[in-house]
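Novice: Turn this into a structure:
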Amino acid sequence: MKLTELGWNESLQNYFEEYKQTDYTFGRVVLEHKNVYQVITENGEFLSEVSGKYRYHALSREDYPAVGDWVVLSERLQEGKATIHATLPRFSKFSRKIAGLTTEEQIVAVNVDTVFLVQSLNQDLNPRRLERYLLMAWESGANPVVVLTKADLCENIAAFTGEVESVAFGVPVHVISVVSGLGLAELSTYFAPGKTVALLGSSGAGKSTLTNYLLGEAKQLVQNIREEDDKGRHTTTHRELIQLPTGGLVIDTPGMRELQLWEAESGLSYSFQDIEALAQQCKFRDCTHQKEPNCAVQHAIQIGLLEKERLQSYNKLQKELAYLERKNDKRAQLAEKEKWKKIQASVPKTKKR
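Specialist: Next up, the predicted model:
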């Protein structure tokens, strides 16, 4: 196995330098089963767990390996197992807040060059949900690409693509059909050797079907969408890094009905650059774009240059980010306390005479 085909590069080699004097090697996480990881190295695949020291110093979920990570490990060749001692720095990370009320991060994919935001051309296509995906894709450090699937089932492709392009500024939009072959050749440019593409989208959007096409085999289970509401059924149940026979890698992910923000402050400016550009023309610098006089954003809505729903989505996401920031500040304080508790517990206590 040539690890350059899995994305190993000079930058990662430099990070690994501090471990060269040890017996450790390196590999990439291709599958995660709760606390157990499948890792590919030059010597093959190993079922791996993090070391006790690693676990002791990990303060949050972000500190643990995720699919796509490059890890430092010691191999037990005869057992086919390994121990992970460290994770090398990531160049991109797509995260969301876990579903529910708990403020905790769920890492979806890391070390990804391109994120395919997969949306099907049916009633389930939702510009507001796409805005969330775009916002978080920009924040991740990867390049977003919108892929509109099932074109063979759509009677008005132009209307759907126009709706998508109105929120996906500067982002490539590809219309495809695995059934008819439409647009598939254009996707091959993203799968250069060593490059990783993550497929993100709702259940039934066509991620697994696209993965099977790229692989040339039916590896991922595919189910039909429900006819009564065009909603998808869950097919992929876990994240997996898959090497393609034509070069490049793909991470297929479970469908996400709920996409709560984790951190996306800079991504907000990329995703809503139309609103932020208009805001520069408002009379007041602190304009809330509600009832202030000479508001350029409200004027754009009145003359049909901007959808009212888009401004509502922008305001909603701003409030969500502000709330999340407050919650994360509290989490950071608790994590700092926990860190000092561990440090103090590790210091030997002096015996009293």
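Novice: Break this protein into its domains for me.
Specialist: Domain ranges of the chain: 3-87, 93-252, 272-332, per automatic domain parsing.
Novice: Tell me which of those domains sits most buried.
Specialist: Greatest average neighbour count among the domains of the chain goes to domain 93-252 (a mean of 18), per mean count of other Cβ atoms under 10 Å. C-beta here means a position set from N, CA and C on the backbone, and glycine is covered the same way.
Novice: partner residues bridging the residue nearest to Y19 when sequence neighbours are not counted?
Specialist: Nearest non-adjacent residue to Y19, counting by Cβ to Cβ, 6 or more residues apart in numbering: V72, 5.2 Å away. Bridge pairing for V72 (DSSP bridges) gives the partners F26, A86.
Novice: Tell me how far V72 lies from E292.
Specialist: As judged by Cβ to Cβ, to the nearest Å, V72 and E292 stand 55 Å apart.
Novice: And the strands in the stretch 251-353 of the chain?
Specialist: Using DSSP state E, counting those that start in this stretch, no strands are found in the stretch 251-353 of the chain.
Novice: As a check, name the ranges of all helices in it.
Specialist: Secondary structure of the stretch 251-353 of the chain, counting by DSSP state H, counting those that start in this stretch: helices at 265-271, 273-279, 296-302, 308-346.
Novice: Report the central residue of this structure.
Specialist: F94 (2.8 Å; Cα atoms, centre = their mean).
Novice: Which of the helices or strands spans that one?
Specialist: Following DSSP states H and E, one finds F94 within strand 93-97.
Novice: between the next helix or strand after that strand and strand 93-97, how many degrees?
Specialist: Next along the chain after strand 93-97, taking DSSP H and E as the criterion, comes strand 105-110. With axes from the mean of the first three to the mean of the last three Cα atoms, to 10 degrees applied, the angle from strand 105-110 to strand 93-97 works out at 150 degrees.
Novice: CA-only coordinates of the helix or strand just after strand 105-110 in CSV, if you can.
Specialist: Where DSSP H and E defines the elements, the next helix or strand beyond strand 105-110 is strand 114-120. C-alpha atoms of strand 114-120 as CSV (Å, rounded to 0.1, in the frame of the first residue of the first chain):
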residue,chain,number,x,y,z
THR,A,114,-13.8,18.6,-1.1
VAL,A,115,-17.2,18.3,0.4
PHE,A,116,-20.0,17.1,-1.9
LEU,A,117,-23.3,18.6,-0.6
VAL,A,118,-25.7,16.0,-2.1
GLN,A,119,-29.3,17.1,-2.7
SER,A,120,-31.9,15.2,-4.7
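Novice: related to what we said a few turns ago, residues in contact with the residue nearest to the centre of the chain?
Specialist: Shown in contact with F94 (Cβ atoms under 8 Å, 6 or more residues apart in numbering): 107-110, 112, 115, 136-137, 140, 142, 198, 200.
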